[in-house]
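*Asks:* got a sequence here, can you model it:
(one chain, ligands or ions: 3)
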Amino acid sequence: MPTAVLLPYWVDGIQKLKLAHQGPEPPAPGYLPPALRKDRESHVRRCLEQLRSKEKNIEKYIFLSQLKHADEPMFYRLCLDHMSEITPLIYTPTVGDACLQFSHIYRQAEGLFISYEDKGNIGSILRSWSRKDDARISVVTDGSRILGLGDLGINGMPISIGKLSLYIAGAGIRPHSTIPICLDLGTNNQKNLDDLLYLGLRRTRVSNEEMTEFMDEFMTEMSRVFPKLLVQFEDFSTEHAFTYLERYRHQYPVFNDDIQGTGCVVLSGFLNAARLSSAASGRALSDQRILFLGAGSATVGVATQLMSFFTLQGLSVEEARSRIWMADSQGLVYDARGPMAEHKKAFSRKDYSGPPIKNLVDIIKYVMPTALLGLSTTRGAFNQEVIETMATLNDRPIIFSLSNPVSLSECTFEEALQWSRGSVIFAGGSPFPDVGYGGVTRHAGQGNNMYVFPGLGLGAILSKASTVTDSMVETASLALADSLTAEEKAEDRVYPVLTRIRDISAQIAAKVIRTAQQERVDQNVALRDINDSELLKFVEENMWQP
Ligand SMILES: NC(=O)C1=CN([C@@H]2O[C@H](COP(=O)(O)OP(=O)(O)OC[C@H]3O[C@@H](n4cnc5c(N)ncnc54)[C@H](OP(=O)(O)O)[C@@H]3O)[C@@H](O)[C@H]2O)C=CC1
Ligand SMILES: CC(=O)C(=O)O
Ligand SMILES: [Mg+2]
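*Replies:* Numbering: from 1, shown residues only. Ligands and ions are numbered 1, 2, ... in the order given. As a prediction, the model looks like this:
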């Protein structure tokens with residue numbers, strides 16, 4: 001079966017991409033073995049068998065990458081039909097290993113690499129992309145904070161590729177509308193610099209001023225070359241994540257997945273978890289006390305989203321803020337502790353001025369949280385004592401271990417269940433297997449922004465939104481929270497089952513479009529005149545099917 005692929009070629013030393021067909025032009029039946037000419041279904045089984053024959057997940061990742069290049073519809077067919085099996089292989093946790101090993105397992109061109117040496121010439125690199133008119137969504141990373149793995153430099157490219165595969169599988173974005181981009185602004189990771197096979201620039205990261213000049217040129221050229229493009233910033237280091245979101249969000253359709261996407265997905269899971277915990281304690285939602293371990297970009301994104309939600313419920317900004325505490329690598333974050341990074345200041349406590357509280361159990365005893373959310377990149381931070389303390393304070397403690405990949409999660413689902421004697425309401429950033437406890441199968445929710453960015457992106461693209469507003473992000477969160485079925489609620493789930501992602505993305509997209517209309521950032525004004533069921537149908541009909 002022929003497939004369109006992008007092949008690299010070079011003009012005057014500049015890499016360009018051309019659309020080529022892999023394999024013969026149709027019909028050319030002679031190129032296909034007889035059984036395959038009539039029966040494509042058996043080939044699904046063949047591909048699955050080959051996939052499952054690989055022992056290591058990284059081998060499965062490589063197999064799937066090559067399948068995507070050779071036979072894209074088959075790759076997405078597998079993704080859709082075997083979502084729970086494939087997602088952890090193309091996304092977290094395996095994508096973490098793929099990033100760590102990218103320069104060693106690299107086989108073929110995919111996506112665009114734009115390096116600091118291209119400064120002054122970024123437009124011509126972008127114009128070399130052969131499907132300019134089709135471009136609708138790009139995931140852009142600079143590789144500086146890949147998952148919790150730190151600065152991986154150009155090895156961060158698989159994150160952009162993996163996120164876009166989920167846009168395609170999860171929301172039916174057309175494959176040729178996506179552009180994975182990795183910016184190479186150097187790396188401060190000595191391991192990369194010492195690695196003879198490292199594929200990026202062999203230099204340390206450029207200064208902030210140099211980076212901002214580069215980013216300004218990049219964003220200007222992106223909007224010129226791809227006027228219909230939505231940009232998702234991914235895995236930029238903390239300060240840059242905030243800086244560039246703020247710098248461009250009012251000018252271009254752009255959002256930051258780690259700040260806004262994570263805020264959106266965690267608010268959603270938290271609302272469902274709070275409903276379950278209040279069934280046991282009778283505690284009102286507005287009386288929840290939330291402690292974060294980690295005070296970086298993801299935590300601030302979630303805290304901001306929670307605050308905004310609490311104010312919609314009638315709390316004042318100060319009352320909403322008072323429900324939130326943060327602890328970082330130095331312990332409880334509070335003003336009297338001394339100077340701190342700008343992004344922490346809004347949530348730094350003003351009502352404590354004693355000596356630093358560094359130990360997490362001591363912080364818990366001081367804060368008395370109902371919910372403990374981990375975005376700290378610290379495996380084992382939620383140890384037995386931490387979870388037992390949470391379980392002593394709460395009939396049903398909410399514990400979300402959200403750091404990625406699994407090797408960095410604060411605790412596993414099984415640990416949380418055992419140490420809380422089954423009372424925990426749990427979500428992880430990466431997938432955790434079901435656990436049998438007390439004769440019942442318990443399911444871990446996956447509190448990962450992959451539940452929302454496909455639908456949010458699809459809604460922004462179909463409404464032709466000129467910017468992505470806070471209300472559009474909040475709408476996506478509430479739509480996800482509302483999407484649980486009666487059966488999922490009965491099973492204590494805080495997120496829907498992953499196999500429903502397409503339905504969920506359609507619902508999220510339709511609601512995001514309505515919000516874009518209310519905020520008058522939609523440029524596809526024809527959609528204003530159709531009713532809700534017609535809008536949902538329009539969204540579903542626009543989803544690409546493999
Ligand atoms: N589930 C999901 O959807 C998402 C998960 N994540 C995950 O969240 C994690 C954090 O991401 P992000 O916020 O962007 O990263 P940042 O680098 O911005 O923040 C990391 C935070 O963790 C803190 N930290 C590090 N070590 C410890 C420790 N031992 N004890 C307490 N705090 C510690 C740091 O403290 P300090 O400030 O003192 O340095 C910092 O505040 C990553 O693993 C990432 O993969 C991110 C986005 C989405
Ligand atoms: C999920 C995600 O975006 C992260 O871990 O960075
Ligand atoms: Mg991320």
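*Asks:* for the spatially most central residue of the chain, give me the pLDDT.
*Replies:* Nearest to the geometric centre of the chain sits residue 449, at 4.0 Å (Cα atoms, centre = their mean). Confidence at residue 449, expressed as pLDDT, is 97.
*Asks:* how many neighbours does residue 217 have?
*Replies:* Residue 217: 17 surrounding residues under other Cβ atoms under 10 Å. Heads up, the C-betas are built off the backbone N, CA and C, glycines and all.
*Asks:* can you list the domain ranges for this structure.
*Replies:* For the chain, the TED database gives the domain ranges 34-90, 107-260, 261-446, 450-542.
*Asks:* rewinding a little: isn't the residue nearest to the centre of the chain right up against residue 256?
*Replies:* No - Residue 449 lies out of contact with residue 256 (Cβ atoms under 8 Å); the separation is 10.2 Å.
*Asks:* what residues does the stretch 151-300 of the chain have near ligand 2?
*Replies:* Proximity of the stretch 151-300 of the chain to ligand 2 is confined to 235, 257-258 under the rule Cβ under 6 Å from any ligand atom.
*Asks:* same check on the chain?
*Replies:* So far as Cβ under 6 Å from any ligand atom goes, the chain lies against ligand 2 at 147, 235, 257-258, 404, 429, 448-449.
*Asks:* which ones among those residues also lie next to ligand 1?
*Replies:* 147, 258, 404, 429, 448-449.
*Asks:* what is the nearest of the residues you listed to ligand 3?
*Replies:* residue 258 (4.4 Å; Cβ to the ion).
*Asks:* can you list the residue ranges for strands in the stretch 1-150 of the chain?
*Replies:* 3-11, 14-22, 112-115, 137-141 (DSSP state E, counting those that start in this stretch).
*Asks:* then the stretch 351-500 of the chain?
*Replies:* Using DSSP E, counting those that start in this stretch, strands in the stretch 351-500 of the chain cover 371-374, 398-401, 425-428, 435-437, 440-442, 445-446.
*Asks:* the second one: partners in the sheet, and parallel or antiparallel?
*Replies:* Strand pairing for strand 398-401, using DSSP bridges, gives strand 371-374 (parallel), strand 425-428 (parallel).
*Asks:* do the last one and ligand 1 meet at all?
*Replies:* The reference is to strand 425-428. No - residues of strand 425-428 are not located near ligand 1 by Cβ under 6 Å from any ligand atom, the shortest gap being 7.8 Å.
*Asks:* show residues contacting that strand.
*Replies:* 269, 273, 276-277, 396-402, 406, 409, 412-413, 416-417, 432, 444-447, 492, 494-495 (Cβ atoms under 8 Å, 6 or more residues apart in numbering).
*Asks:* hmm, try it at 6 Å
*Replies:* 269, 273, 276-277, 396, 398-401, 409, 413, 416, 444-445, 447, 494 (Cβ atoms under 6 Å, 6 or more residues apart in numbering).
*Asks:* residue 522: which of the residues you listed is nearest?
*Replies:* Ranked by distance to residue 522 (Cβ to Cβ), the contacts of strand 425-428 are led by residue 269 at 28.1 Å.
*Asks:* next one: phi and psi at that closest one?
*Replies:* phi -70, psi -40 (degrees, to the nearest 10).
*Asks:* avg pLDDT for stretch 254-270?
*Replies:* Stretch 254-270 comes out at a mean pLDDT of 98.
*Asks:* buried ones in that stretch?
*Replies:* By 16 or more other Cβ atoms under 10 Å, the buried positions in stretch 254-270 come out as 254-270.
*Asks:* out of these, which sit inside strands?
*Replies:* Among the buried residues of stretch 254-270, the residues falling in strands (DSSP state E) are 254-256.
*Asks:* and these, which is closest to residue 301?
*Replies:* So of these, ranked by how close each gets to residue 301 (Cβ to Cβ), first place is residue 256, at 7.6 Å.
*Asks:* correct me, but that closest one touches residue 233?
*Replies:* Yes - between residue 256 and residue 233 there is a contact under Cβ atoms under 6 Å: 4.5 Å.
*Asks:* which strand residues bridge the closest residue to residue 164 other than its chain neighbours?
*Replies:* The spatially closest residue to residue 164, leaving aside those adjacent along the chain, is residue 178, at 4.3 Å (Cβ to Cβ, 6 or more residues apart in numbering). With DSSP bridges as the criterion, residue 178 is bridged to residue 137.
*Asks:* could you report the separation of residue 178 from residue 421?
*Replies:* 45 Å (Cβ to Cβ, to the nearest Å).
*Asks:* neighbour-wise, which of the two wins?
*Replies:* residue 178 (23 against 12).
*Asks:* please report how far the more buried one lies from residue 274.
*Replies:* Residue 178 is 35 Å from residue 274, by Cβ to Cβ.
*Asks:* now the nearest residue to residue 471 once chain neighbours are set aside: how far from residue 472?
*Replies:* Spatially, and ignoring its direct neighbours in sequence, residue 471 is nearest to residue 515 (5.1 Å; Cβ to Cβ, 6+ apart). Per Cβ to Cβ, residue 515 is found 5 Å from residue 472.
*Asks:* OK, contacts around whatever residue of the chain ends up closest to ligand 1?
*Replies:* Residue nearest to ligand 1 within the chain (Cβ to the nearest ligand atom): residue 296, separated by 1.8 Å. Residue 296 sits next to residue 238 when contact means Cβ under 6 Å, 6+ apart.
*Asks:* same deal with residue 204?
*Replies:* Residue 204 neighbours (Cβ under 6 Å, 6+ apart): 186, 188.
*Asks:* surely it is in a strand?
*Replies:* No - with DSSP: H, G, I helix; E, B strand; the rest coil as the criterion, residue 204 is located in coil rather than a strand.
*Asks:* pLDDT at it, what is it?
*Replies:* At residue 204, pLDDT is 98.
*Asks:* and what of the one 10 residues further on?
*Replies:* For residue 214, the model assigns a pLDDT of 98.
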